[in-house]
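In: Here is my input; please provide its structure:
(chains A and B)
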Amino acid sequence: MHGGAIAIVGAAETERLGKVPELSVLELHADAALRALADCGLGLRDVDGFATAWPLVTDVGPYLGLRPRWLDGTLVGGCSAMLHVRHAAAALAAGLCDVALVTHGQSGRSGVDDPVWPAPAATSLAGQFELPHGAAIPPNLFTLPATRFLADRGMGPGDLAEVVVAQRRWSAGVPRALRRELVGVDDVLGAPMVADPFTRDMCCPRTDGGGALVLVRAERAASMDLAAPAVLLLGSGEAADNALVAEMEDLGSFGAFRRASAEAFRTAGLTHADVDHLMVYDAFAHVPLYGLEDLGFVGRGESGAFIADGHTSPGGQLPMNTNGGGLSYTHTGMYGMFAIQEAVRQLQGRAAMAVEGARTSFVQGVGMMFGAAGSLVLGAA
Amino acid sequence: VFVPAPTPVTAPFWEGTSKGLLRMQRCSSCEKPFFYPRSFCPRCGGRDVPWVTLSGRGTIASALVLRRAVPTILDDVPRALALVEVDEGPRLMAHVRAVPLDDVWALLGRPVRAAFVRTGGVAVPVFEPVA
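Out: Now for the predicted structure:
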């Protein structure tokens, strides 16, 4: 679909990440937006297309002084940014805008003017069928299918721990990452228990931060004076499945991962062998296990050994979550933007832990509690 | 503790639990039960979806042992939380009471049956091991 006709020309995160109590959520959006525009030599006046998830696009756009002729306020949780990029590409291709800005900002740790996510009403599906049982927070919801996934494959808590161990090998070399200390399996298993079998280190932190992307049609990118090479959008996909985790068709597989990633491969015209670098949204340590299997990078039941054998670690055949992932780098709430940022940095040669020769990156996002999925295939120009 | 509130479409479910019955809808067209309640079958779109009373028996498909309290919603920790697959097919989330909490893996596959806990005028379905 995209075939490299759309380019990411500007990409930046907020200057600071982690604990940023002096910036409100809107200021986090603004810091990221201005830095991304500066990255490609453009200004706010050049932007005529705008997408963001949270706060509402009608709040963030005016705060940035934008007067867009194309808007997207898609809010599907953590993978919203993947869908924004996909939708922006379609809008650019259709001539609905010429310069699309995608922003993310959340004050997930400090809570500075961060809009409170509406608590489910007592009449909502979650209010009737989840909250009365105590399943009120992501560590009690998103993780619930994981014991079935692991047990069916003869896997266990050690496989969750190996995800953390592998990703710390990356974050140890990333100065901006929140959790940088190398750990072993026993360290991860010995951390305080949040919801058995998930320990603290298998759960993402909550942080402050933001990120932004600037997209244009590739022919315009070719004529721009860019600080770093443009990154091309080669393919994309999106899908949605479950409002409640109980309705997953198969607790050991996420249908939206399968469908969105298949669409991304199809539209890119690429196969798994073409992928040099992988980002799989990891709010919790089980998600990369589902991701590796559902995206088809490994067979059923092979994800744990694949990670434990070092194939996703530095020097491995499929470097994954090379910023340390949501578990180690940062997790503002909707982490997807940061997964895209890391893929872009890798393809531009700007990553802290550079993957040598990375030309093609696959970025997989998840939204809500196994609710939505967004996939991007990005390529070096 | 969080008290659920019925809507018109879910009211028969909660009327059932108040009588100690676990009920779901079964589509007259494709003959499959489904959950959560709707005025139509999410599988085939059929609109004749009468309520049926289930056996109340099921199996723990997946589980966690919750360790962290959540203000206004969860004070009773540790406790087991599960996705229970009822014998008739659909899955639902529920607290499982009266099970050992020292080994989450031992909960998987355990046969359970529905029990009902009254809270704020509503009977919430939970599960307990089959003796």
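
In: With adjacent residues omitted, what lies nearest to the residue in the stretch 151-300 of chain A positioned nearest to chain B?
Out: Ranking the residues of the stretch 151-300 of chain A by distance to chain B (CB to the nearest CB) places A:D196 first, at 3.9 Å. Backbone N, C-alpha and C define where each C-beta goes, glycine included. The shortest distance from A:D196 to any non-neighbouring residue, by CB to CB, 6 or more residues apart in numbering or on different chains, is to B:V65 (3.9 Å).

In: packing partners for the strand or helix carrying that neighbour?
Out: Assigned by DSSP states H and E, B:V65 belongs to strand B:57-66. Here strand B:57-66 touches helix A:146-152, strand A:193-196, strand B:79-86, strand B:91-96, strand B:111-119, going by 3 or more CB pairs under 8 Å, 6 or more residues apart in numbering or on different chains; DSSP states H and E.

In: Correct me if wrong: the residue of the stretch 151-300 of chain A closest to chain B contacts B:R79.
Out: No - contact between A:D196 and B:R79 fails when scored by CB atoms under 8 Å: they sit 11.0 Å apart.

In: shared neighbours, the two?
Out: Here A:D196 and B:R79 share the contacting residues B:65, B:101, scored by CB atoms under 8 Å, 6 or more residues apart in numbering or on different chains.

In: Those two: who's more crowded?
Out: Each of A:D196 and B:R79 has its neighbours counted (other CB atoms under 10 Å in any protein chain shown); A:D196 has more, 22 against 19.

In: tell me the pLDDT at that one?
Out: On pLDDT, A:D196 comes in at 97.

In: Show the contacting residues for it.
Out: Residues in contact with A:D196 (CB under 8 Å, 6+ apart) are B:64-65, B:67, B:101, B:104.

In: Would you mind measuring from it to A:E162?
Out: 18 Å (CB to CB, to the nearest Å).

In: Please apply the same query to A:G65.
Out: From A:G65 across to A:E162, the span is 47 Å (CB to CB).

In: One more: A:L232?
Out: 33 Å.

In: So between the two, which is more surrounded?
Out: Comparing A:L232 with A:E162 by neighbour count (other CB under 10 Å), the higher total belongs to A:E162, at 27 against 21.

In: what about the closest residue to that one other than its chain neighbours, how many neighbours?
Out: Closest residue to A:E162 apart from its sequence neighbours, by CB to CB, 6+ apart: A:A308 at 4.4 Å. Other residues near A:A308 number 18, with proximity taken as other CB under 10 Å.

In: Next: A:G41.
Out: A:G41 has 14 nearby residues by other CB under 10 Å.

In: For it, which non-adjacent residue is spatially closest?
Out: A:D225 (5.9 Å).

In: Please apply the same query to A:A240.
Out: Nearest residue to A:A240, sequence neighbours excluded (CB to CB, 6+ apart): A:A372, at 4.4 Å.

In: Now do the contacts for the residue of chain B most remote from its centre.
Out: Most distant residue from the mean C-alpha position of chain B: B:S29, 24.1 Å away (CA atoms, centre = their mean). Residues counted as contacts of B:S29 (CB under 8 Å, 6+ apart) are B:41, B:44, B:46, B:48.

In: Show me what the residue nearest in space to the middle of chain B is bridged to.
Out: By CA atoms, centre = their mean, chain B has its centre lying nearest to B:L92, at 4.5 Å. For B:L92, the beta-bridge partners are B:V84 (DSSP bridges).

In: still on that earlier bit, ok, and the most crowded of the contacts of A:D196?
Out: Within these, most neighbours by other CB under 10 Å means B:L64, with 27 neighbours.

In: can I assume that one is in contact with A:P145?
Out: No - taking contacts as CB under 8 Å, B:L64 lies outside contact range of A:P145: 9.7 Å.

In: Can you pull the residues of the stretch 151-300 of chain A lying near chain B?
Out: Within reach of chain B by CB under 8 Å from any CB of the partner chain, the stretch 151-300 of chain A has these residues: A:151, A:156, A:193-198, A:244-248, A:251.

In: Of those residues, just the buried ones, ChimeraX syntax please.
Out: In ChimeraX, this line selects whichever of these come out buried by 16 or more other CB atoms under 10 Å in any protein chain shown:
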select /A:151,193,194,195,196,197,198,244,245,246,247,248,251
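
In: so which pair among the residues of the stretch 151-300 of chain A next to chain B is furthest apart in space?
Out: Pairwise distances among these were taken by CB to CB; the largest, 27.4 Å, belongs to A:M193 and A:E247.

In: my read: the residue nearest to A:A240 touches A:E238, true?
Out: Yes - if you go by CB under 8 Å, A:A372 and A:E238 touch, sitting 7.4 Å apart.

In: tell me which parts of chain B are close to chain A?
Out: B:1-7, B:10, B:35-36, B:61-68, B:70, B:73-74, B:76-77, B:79, B:81-83, B:91-95, B:101, B:104-105, B:108, B:119, B:122, B:124, B:126.

In: residues in contact with A:G134?
Out: A:140, B:2, B:66, B:70, B:73-74, B:76-77, B:79, B:81, B:95.

In: Show me the one in these that has more neighbours than the rest.
Out: B:L66 (28 neighbours).

In: residues contacting that residue?
Out: So B:L66 contacts A:134, A:140, A:195, B:74, B:77-81 (CB under 8 Å, 6+ apart).

In: which of the residues you listed lies closest to A:V355?
Out: Nearest to A:V355, judged by CB to CB, of the contacts of B:L66 is A:A195 at 33.1 Å.

In: beta partners of that closest one?
Out: Beta-bridge pairing for A:A195 (DSSP bridges): A:F198, B:L66.

In: So it sits against A:P138, correct?
Out: No - with contact defined as CB under 8 Å, A:A195 does not reach A:P138; the gap is 10.0 Å.

In: Give the intersection of the neighbour lists for the two.
Out: What both A:A195 and A:P138 touch, as defined by CB under 8 Å, 6+ apart, is an empty set.

In: now B:R113: how far from B:G16?
Out: 15 Å.

In: Ok, A:L292 next?
Out: 42 Å.

In: which one of those two has more residues nearby?
Out: More neighbours surround A:L292 than the other of A:L292 and B:G16, with 26 against 20 (other CB under 10 Å).
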